[in-house]
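Novice: give me a model of this one.
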Amino acid sequence: MAEGGEIEFDRLSDGEALRAGDGLQALLRGMSRVAARMASFALFVGIATFATGMWVFDGDGRDKWIVIGGVLSFGPVIAATLATYRVRRTADHVPKFAGELKSLQKGGRAIADVLIDGDTGRPIGFSTATLGALRGELAQRRKEFPALGTALKAITTVPKLLVLATLGVLAAGALGTILLIGGLID
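Specialist: Model (predicted):
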C-alpha cells in the first residue's frame, strides 16, 4: 500500500495473479460438481413427479398435466443444467485467467478494489460486496477480458440458478408426494 492508504495495484506479481487464477479455477470446479449433482437429482425427482401425475390423471386432466406438470417437473432440471453448462463453458477459458488477471493492473479502480485487500494490500480474489461493480466493468470490456467476464458471469448467476433448481425440486417433490398419496387413496 502506498502512503495515505492508497492501493498500489501495479504490485500484483505474476505468482499472485497465477494464485488468484488457480483459486478461481478451484471455485469453478466445485460449482461444476454441485451443479451437475443438482441436475441429476432434479432429473430423478422430475421424472418421478411427472410419471406419478401421468398415473393419477386421465382424460382432459392428463392433457393439462402434460403441459403444467412438464413445466413443474422439468423446470428445475433446466435451471440446474443451465448452471452446469455455464460453469463448464467457463472452463474453456481457464488457461487465460492468470494472464487476464495480470492485465487488470491497467484496469479501473473497481477492479483494483475487488482484487486487492485494502488492509493488507495483498490480492485476495473476488469479494461478494463488489462483484456487481466488477461485472459491470468487465461487461464493458468483454472483448479485452473474455475469460474473466465469463467466469464472473458464472460465479454470479450459477448460485441463483441452483437456488431456483433447489426450490423447484422441493416443490416438484412435494407435488409428486401429494399426487402419489391421492392416487393411492383413490
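Novice: residue 62 is in contact with residue 54, isn't it?
Specialist: Yes - counting by C-beta atoms under 8 Å, residue 62 touches residue 54, with 6.7 Å between them. Using the backbone N, CA and C atoms, a C-beta is placed for each residue, glycine as well.
Novice: on the three-state scheme, the residue positioned nearest the centre of the chain is what?
Specialist: Centroid check for the chain by C-alpha atoms, centre = their mean gives residue 158 as the closest residue, at 1.4 Å. Secondary structure assignment for residue 158 (DSSP: H, G, I helix; E, B strand; the rest coil): helix.
Novice: that one is in contact with residue 80, isn't it?
Specialist: No - with contact defined as C-beta under 8 Å, residue 158 and residue 80 do not form a contacting pair (9.7 Å).
Novice: hey, which helix or strand in this structure has the poorest pLDDT?
Specialist: Lowest on mean pLDDT, DSSP states H and E among the helices and strands of the chain sits helix 109-115, with a mean of 49.
Novice: for the residue nearest to the centre of the chain, give its distance to residue 86.
Specialist: Counting by C-beta to C-beta, to the nearest Å, the gap from residue 158 to residue 86 is 6 Å.
Novice: also residue 138?
Specialist: 15 Å.
Novice: between those two, which has more neighbouring residues?
Specialist: residue 138 (25 against 21; other C-beta atoms under 10 Å).
Novice: tell me which element the more buried one falls in.
Specialist: helix 131-140 (DSSP states H and E).
Novice: thank you, goodbye.
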